[in-house]
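In: sequence first, predicted model second:
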Amino acid sequence: MEYSIEQAEPKRILWEMIKNCLDAEQYETIYCYFVRNATYSLLATDRGVSIEYIRTKKAKALRKLRHNNHIKKLAEDYGYINYYRHVTLAGFKQTWTSSVELEVLSREGYFERMLKELELKYDNAI
């Protein structure tokens, strides 16, 4: 898959931020797993450790990244899916919409159109 320069720049910045946030071993694990598509067993064999050790390193690195506000903000600014925002059970019961559905609908501008329609109905009712 080819990327344009506009798409490559945010990814480069994001990976630099990830590198600064994690220690070298965590960064190498995350980078090889997600960018080079290396499996746990391949990473474990290359480093001479167990598969469980690699899985644990990846899990700790992802946990650390989930709590980094700068990375969250950058991902949101560049339009990557916002998986950080969760719909609570109470929110789901009110809207019957999951967090993934909300993200898709917001990208399509559904909520903005719906709010405008409601405002027009309210204005016409008065």
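Out: Done, it's in.

In: burial measure for residue 61, as a count.
Out: For residue 61, the neighbour count with other Cβ atoms under 10 Å is 22. Any C-beta I mention is one placed from the backbone N, CA and C, and that applies to glycine too.

In: wait, it touches residue 28, no?
Out: No. With contact defined as Cβ atoms under 8 Å, residue 61 does not reach residue 28; the gap is 9.7 Å.

In: helix, strand, or coil at residue 38?
Out: Secondary structure for residue 38, judged by DSSP: H, G, I helix; E, B strand; the rest coil, is coil.

In: could you measure from the nearest residue to it once chain neighbours are set aside over to residue 23?
Out: For residue 38, ignoring the flanking residues on the chain, the nearest one in space by Cβ to Cβ, 6 or more residues apart in numbering is residue 32 at 4.2 Å. Plainly put, residue 32 is 15 Å away from residue 23 if you go by Cβ to Cβ, to the nearest Å.
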